[in-house]
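1. Kindly return the folded structure for what I paste below:
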Amino acid sequence: MHTHELTVRMHHTDAAGVVFFAQFFMMAHEAYEAALEARGAPLGAWLREAPAPLVHTEADYLKPLRLSDRVRVCLGVERLGGRSFTVSYAVYAQREGGWELAARLRSVHVVVAPGIGAARALPPWLRDALSAIGPPEGDAPAAPLPPREP
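-> Below you'll find the predicted structure:
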């Protein structure tokens, strides 16, 4: 599992002063990039060789996040397939009583051949980096997605 912290900034919020739903995925992706970077697989370096576009996302929004909230994103690799992988995220807001679960997200990625777009096997170095992140813990989505292998 990997943990990443950030602060809600004005550009994350909508006119009502709460985090706009799409920004949860921006925060999750920031945590995902940090997790890969910490394990020697910076996203920019490997995307040229093994892009892994999203094929599915889902989210449950449980509590609003507001400007200046301190946020903790915990992510884990829920599933590693031959050509795809699933990442689960639990997004917490720091409150007076501790960390409160604000959202759960999940993303499914498929590795494709650059320039062609056909699904291909996960390269060993990418499988190693994702394995090093480890499984989700705590309030990350617990129910596995049905197997999807494009």
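
2. Name the residues of the helix or strand of the chain with the lowest mean pLDDT that are buried.
-> One helix or strand of the chain scores below all others by mean pLDDT, DSSP states H and E: helix 43-47, with a mean of 80. Using 16 or more other CB atoms under 10 Å as the burial criterion, the residues of helix 43-47 that qualify are Trp46. Any C-beta I mention is one placed from the backbone N, CA and C, and that applies to glycine too.

3. avg pLDDT for the biggest helix by length in the chain?
-> Secondary structure of the chain per DSSP state H: the longest helix is helix 21-38. Here helix 21-38 scores 95 as its mean pLDDT.

4. and it, what does it pack onto?
-> The contact analysis (3 or more CB pairs under 8 Å, 6 or more residues apart in numbering; DSSP states H and E) places helix 21-38 against strand 2-7, helix 43-47, strand 54-61, strand 70-80, strand 84-95, strand 98-110, helix 124-133.

5. Gly115 and Ala52, how far apart?
-> For Gly115, the distance to Ala52 equals 15 Å [CB to CB, to the nearest Å].

6. Have a look at the two and say which one is more surrounded.
-> Comparing Gly115 with Ala52 by other CB atoms under 10 Å, the one with more neighbours is Ala52, at 20 against 7.

7. Look up how far Asp60 lies from that one.
-> Using CB to CB, Ala52 is found at 23 Å from Asp60.
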